[in-house]
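*Asks:* I need the structure of the sequence given here:
(one chain, ligands or ions: 1)
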Amino acid sequence: MLKNRGRTGRKRRRKQSRSFSLHAVNHSQRLEYIQLKKWLKERGYEDSKLRLVQFPETGRGLMTTKALQAGELIISLPEKCILTTDIVLNSYLGEYIAKWRPPISPLMALCTFLIAEKYSGEQSLWKSYLDVLPKTYSCLVCWEQEVLKLLPEPLRSKAEKQRRVVQELYISSKSFFSCLQPLFTEDVATVFNYDAMQWAWCTINTRTVYMKHSQRECFSREPDVYALAPFLDLLNHSPNVKVKASFNEKTRCYEILTVSPCRKYEEVFICYGPHDNQRLLLEYGFVAIDNPHSSVYVSTDTLLKHPFPADKQRNMKLSILKDHDFLENLTFGWYGPSWRLLTALKLLCLEADEYTCWKKVLLGYIISDRNEKKSLAQTTKICLSLIEETQHVLQKVT
Ligand SMILES: C[S@@+](CC[C@H](N)C(=O)[O-])C[C@H]1O[C@@H](n2cnc3c(N)ncnc32)[C@H](O)[C@@H]1O
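*Replies:* Numbers count the residues shown, from 1 in each chain. Predicted structure coming up:
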C-alpha cells in the first residue's frame, strides 16, 4: 500500500500543510522563481528537495521537503551557474578590464558586471538570476546617517568606515566607468551611479561564497575570492548549524553538505561564520536570535565613564592597558563579562599599594579580595549603564 493513502495519510498531509502554511509562504510558484529554476536546469542543476519559501522569522529562504541526514548533500551547484571573475573577463567587459591601468580589483569587476547586466534587462544572460536578487539591502552601508548615529560603538565607527570604503571605491572607479561609454547609449555616469554601486557592493558582500582564483595581471592584488551562486545564495544563516561548503574539483560543482541533520519541511540553514550580531548587522543587515556568539562591546569611553576619583595612577594604568592591547574587544557575552573586560577593570581598580602587581593582573592572578569586589562592582555599573543607554536609544528609534 502506498504511504499517505487513506484517512491517516490525508490527516497527516492536512496536518503537515497546516503547520507549514501557518509559519511560511511557498514562493516556488512565482514566475521569477520558475524562471530561475528553468535557467538553472539549462545549466545542469536539478533539485527536487529545496523549496523557496518566505519564513516569518528569517524572510526568504529554502525549505527542505525531505529530511536531511548528517553528511548529506544540501546542494550541488554546477560551475556553469556560478558567476565569478572568469565570466566577467570572458564577457564584453573583458577587453576593457584587460587594458585599464591601474588594474581594477576583482570585486570592482564583479560590481561593474552586475550593474551592466542589470541595465541590459531582457538582453542579459543572467536575467533570471538578477530578477530574484533583492532590490534593496538592509546592510549598514545603506542606513541613513541619522540612524547610524544611534548605533553603539564600535559598530558606529565600523559602519562609518565601511561607508567610506564604498564611497571611495565608487569615486576611484569613475574613470574606469567612463572608458565603458562605447558599450552604452546612455551616459555611463547615469548607468554606474552611486546607488547602483551600493546595490552591487551589497549583493557581493551579503551573497557571495568563497572561491579562490589565482592572481591575474589584469586585476589589482586584492584577493579574487568572490563567487555568486544563484539559488544557493537563498540559504539563510543560523549560528547553530554546521555545514561543509567548498568547490568540488572532481564534480566541478559548488557543494554544501550538512553536518547537523535537518527535519523535513524545515528551513535549511548554513552558517556564514561564528559572527556576533554586530558583525551580522554590519555585513549582512540582520541579527540572529539566540546567537551564542552575541556580545556587547565596552568602548574605552564607557570603561572610563565611571571614573576612579583621585586615582593618580589612572593614566599609567591606561597606557599599560593600551600597550598590552587591553582596550579593544572588551565585551559582555551571554555568561557575563569576558575575561579581557574583567582583567582591564581589575587593573583599573588596583589601589595605590597594589599598583606594582599590574603584571600579575594581566596574567590572571587574583590580587586581593578588595580588588575582586571593586572590579565586580565596576562591571555591574557598566552593565547597568549600557542597558540604560540601549533603552534610551530604542526609545529614540521608536
Ligand atoms: C545569502 S542571502 C540569503 C537569502 C536571502 N534571505 C534572500 O532573500 O535573498 C543573505 C541575506 O539573507 C538575510 N538573512 C540571512 N540569514 C538570516 C536570518 N537568520 N534572519 C534574518 N535574515 C537573514 C540577510 O538579509 C542576509 O543579508
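*Asks:* Who are the contact partners of Val141?
*Replies:* 159, 162-163, 166, 198, 201-202 (Cβ atoms under 8 Å, 6 or more residues apart in numbering). For glycine as for every other residue, the C-beta is placed from the backbone atoms N, C-alpha and C.
*Asks:* Which strands and helices lie in contact with the longest helix along the chain?
*Replies:* The longest helix of the chain (DSSP state H) is helix 369-397. Counting contacts by 3 or more Cβ pairs under 8 Å, 6 or more residues apart in numbering; DSSP states H and E, helix 369-397 packs against helix 300-303, strand 336-337, helix 339-348.
*Asks:* Tell me the first helix or strand C-terminal of the helix or strand of the chain with the lowest mean pLDDT.
*Replies:* Counting by mean pLDDT, DSSP states H and E, the chain has its least confident helix or strand at helix 6-23, which shows a mean of 51. Past helix 6-23, further along toward the C-terminus, the next helix or strand under DSSP states H and E is strand 25-26.
*Asks:* what distance separates that following strand from the centre of its chain?
*Replies:* Computed by Cα atoms, centre = their mean, to the nearest Å, the chain-centroid distance of strand 25-26 equals 25 Å.
*Asks:* Give the rounded mean pLDDT of it.
*Replies:* The average pLDDT within strand 25-26 is 86.
*Asks:* List the strands paired with that strand, with their directions.
*Replies:* Partner strands and pairing direction for strand 25-26 (DSSP bridges) are strand 50-55 (antiparallel).
*Asks:* Extract the C-alpha trace of the strand it pairs with and format it as CSV.
*Replies:* What follows is strand 50-55 as a C-alpha-only set of coordinates in CSV (Å, rounded to 0.1, in the frame of the first residue of the first chain):
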residue,chain,number,x,y,z
LEU,A,50,14.6,22.5,-1.8
ARG,A,51,11.6,24.8,-2.0
LEU,A,52,11.6,28.6,-1.9
VAL,A,53,9.7,29.9,1.0
GLN,A,54,9.0,33.2,2.8
PHE,A,55,9.6,32.5,6.6
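*Asks:* what about that strand and the ligand, touching?
*Replies:* No - applying Cβ under 6 Å from any ligand atom, one finds that strand 50-55 is not in contact with the ligand, the shortest distance being 8.4 Å.
*Asks:* Tell me the buried residues in that strand?
*Replies:* By neighbour count on 16 or more other Cβ atoms under 10 Å, the buried set for strand 50-55 is 50-53, 55.
*Asks:* Out of those, flag the one nearest to Glu32.
*Replies:* Checking the buried residues of strand 50-55 against Glu32 by Cβ to Cβ gives Leu52 as the nearest, at 9.8 Å.
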